[in-house]
Each structure stands twice: as structure tokens, then as C-alpha cells.
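> need a 3D model of the following:
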Amino acid sequence: MGELKNTFSWSFSAAEDFEQCRRRRYWSKYGMWGGWGRNASPEQKAAYRLCKMDNRWGLMGQAAENAIMWVLKQHQQGVPVDATAGWEQVARPFLTRKWNESSEGSWRHSPKQFCCLREHYYKTMDDENAAKRQVAAQVQNCIENFIDKVLPRIGSISPGQEFRIATPEQGGDVEHFFYEGVKIYSIPDYAYTIGDEVHIHDWKAGKIKAEQHRLQLSLYALWAIVKHGATLDKIFLYVEYLNEGQVLPFQLTEEDMEETQSLMSDSVGEMTEYLVDCDRDKNEPLPKEEWELTFDPANCGQCNFYEFCRPELERLR
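The predicted structure follows:
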């Protein structure tokens, strides 16, 4: 097998990281690269380990998504299930396993295989039992709302109508498309066709952030256009706020799509300026010191790489 190449790429989450903190983007894309290898430097290994870190809100979303997709598949097979079954058979075992992996430190030996929660690593949970109860209650609520409010709308969709979407859990490269020569990562939660229409749903187990989520789904619309030949007027988008039991359905105008494409182009251009000779083909980063620290220290509390920047931040105070 040839050596893996760190290819220049763009995604909605990468753009968010870059906007919040240039240094965070450096660590997550370049500083961690090769950190899985036997001959990696201690810094590379540490960056790779931190890059794989999760948090309890991310874990909550994964548990909810796993459970509702299991519920949907059972429904498609004619097997009636309720929220309790989704919780007991899917979500609860998943959360228990991941939480135990993190608290027991299994990730120290294999950060890709085992979960490490940021709250455990940085010791930011005042009451761990209360945190567990909160996550469990919210996941159960999400499953109940999916069954009551979402399943009636999508329960007639057959597996043959669904798009196959490459996710991180499957191994290999995740769902992407190419736009203006740039690799764009875009992983819709659930997408299917009805005739010549494309319907795309995004599951949200957390807070309502309508504008941010509309922008995120506009990237999924571009994925459907570029990769699957869909037309904009035949794309229907849904942000499913599972905890609140609400849905934000919408379509995009040509102006909306132009705005998304402009945002992507601008973001790609800004990221390119942090590469040696602005060369995306080589994709060699400038020295990390030239990737500025965040202007808002509040971002540091949500950053996996805080331990790398802490000494520098303390000197600046």
C-alpha cells in the first residue's frame, strides 16, 4: 500500500474550525497527520490522539442517530418497535460502551478504536452522574419524537429509494464530491428519492440553530446536484430537531445556492493562503506559528487541542 497523501479538502465543519481558530485547523488537518504511524513524533501522536477526541454532546447525537436509524430499518422490515426498544437495544449499549472506554482510558492505546471524551480528558464534568442522566434523557426523548413525528412522514420509503452514503463507521473515505477541483466532504444523514425528487434529512439532537443548519444543508443540496445530477427545484431539505419534535423544511433558490458557492470559494481561498506557495496540490502548511490563535478565548474551552496552546495563551495574558 502506498503512503497516504494529505489532500487539500473542504467541509462545513472544517470551515467552522478555520473561522473560529486558525491554529485549531492546523492541528486537525496538518499537525495530526501521520500521528498513527510507528515512527511519528510525540507531537504528531498527541495531535492525532486529540483529533480523535469526542464530547458528550457528539456522543449523544451519535446514540440518537444510531437508534432512530435502527427503528427505521425495523419498520421497513415490518417489525414494530417502540422508543424503549430503540433505547435499550441500541442507544443505551452504545453510550455505556463509549463512556466506559473513555473513563477507563482505553483510547490511550488506540485512539481511533476507543472513545475519549473531552470532558474526561480535561476534567470539566462537575457531576458525571448528572451528565449521564441528562444525555440519556435527551436521547430517549429524541427517539420518542422520531417515532411520533418523523417516522409517519418517511415510513413508506423503501431501502431501494435510499442513497448509499459513506460514513466514518464504514471505514475508508467518507462521502464527498469534487467542486472546482477541490474535494468537498459532505455526509447527509438520510437521503432518498421519490420519482425525480431528492429528499435530504439531517438529524439534530441538540439545540436549534436554524441559519447555521440551513447553510449546512445547502452543501448537501450541492452534493445532490454535483454527484447525483439532481436539479435544485427538485431538492427538498429537512432539519429534524429531534429533541424539540420540530422540523424545518425548506427549498433553496438559485440565489441561496450562489451564496453557498461563494462562501465555499472564499473559505477555500483563505485556507489556501496558509499553504506554502499557496499550492493546494502540494498541500504543505505554513509553520504552525503563522496559524493564528483564536481572538475569542471562549473557543478554547471547546477545543480538543487546548493543551497544545495553553502555554502560549498564558504568556499572552
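
> every contact and neighbour count from this point should use C-alpha atoms.
Noted.

> mean confidence for stretch 103-118?
Stretch 103-118 shows a mean pLDDT of 93.

> now do the buried residues in stretch 217-234.
217-225, 230, 232, 234 (16 or more other Cα atoms under 10 Å).

> what lies in contact with the helix or strand containing Ile225?
In this structure, Ile225 sits in helix 210-228 according to DSSP states H and E. For helix 210-228, the surrounding residues in contact (Cα atoms under 8 Å, 6 or more residues apart in numbering) are 12, 176-179, 186-188, 198, 200, 202, 230-232, 235, 237, 239, 248, 252, 256-257, 260.

> and with 6 Å instead?
Identification of contacts with helix 210-228 by Cα atoms under 6 Å, 6 or more residues apart in numbering yields Ala230.

> put the alpha carbons of it into CSV.
Only the C-alpha atoms of helix 210-228 are listed here, as CSV (Å, rounded to 0.1, in the frame of the first residue of the first chain):
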residue,chain,number,x,y,z
ALA,A,210,-31.7,27.5,12.0
GLU,A,211,-29.4,29.7,9.9
GLN,A,212,-26.3,27.5,10.6
HIS,A,213,-28.2,24.4,9.8
ARG,A,214,-29.7,25.8,6.6
LEU,A,215,-26.2,26.6,5.4
GLN,A,216,-25.1,23.1,6.2
LEU,A,217,-27.9,21.5,4.2
SER,A,218,-27.3,23.8,1.3
LEU,A,219,-24.0,21.9,1.0
TYR,A,220,-25.9,18.6,0.9
ALA,A,221,-28.0,20.1,-1.9
LEU,A,222,-24.9,20.8,-3.9
TRP,A,223,-23.8,17.2,-3.2
ALA,A,224,-27.0,16.0,-4.8
ILE,A,225,-26.6,18.3,-7.8
VAL,A,226,-22.9,17.5,-8.5
LYS,A,227,-22.8,13.8,-7.6
HIS,A,228,-26.3,12.7,-8.5
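
> heading C-terminal from it, find the next helix or strand.
Later in the chain than helix 210-228, the nearest helix or strand by DSSP H and E is strand 235-241.

> can you map out the strands along the chain?
Per DSSP state E, the chain has strands spanning 9-11, 176-179, 182-185, 190-194, 197-204, 235-241, 246-250. These are given in chain order.

> with mean neighbour count, distance to Ala67 and mean pLDDT added, can I get the ones you listed in a markdown table?
As requested, the strands of the chain are arranged in a markdown table below (neighbours: other Cα atoms under 10 Å; distance: least, Cα to Cα, whole Å; pLDDT from 0 to 100):
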| stretch | mean neighbour count | distance to Ala67 | mean pLDDT |
| --- | --- | --- | --- |
| strand 9-11 | 19 | 26 | 97 |
| strand 176-179 | 16 | 25 | 96 |
| strand 182-185 | 18 | 24 | 97 |
| strand 190-194 | 17 | 14 | 98 |
| strand 197-204 | 21 | 12 | 98 |
| strand 235-241 | 21 | 15 | 98 |
| strand 246-250 | 15 | 18 | 97 |
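
> domain parsing of this structure, as residue ranges.
Each domain of the chain is listed here as a residue range: 52-156, 160-252, per automatic domain parsing.

> adding distance to Phe295, write these out as JSON lines.
Written out in JSON lines, the entries for these read as follows (distance: least, Cα to Cα, whole Å):
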{"stretch": "domain 52-156", "distance to Phe295": "21"}
{"stretch": "domain 160-252", "distance to Phe295": "21"}
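
> nearest to Pro311, out of the ones you listed?
Put simply, out of those the one that sits nearest Pro311 is domain 52-156, at 15.2 Å, with distance taken as Cα to Cα.
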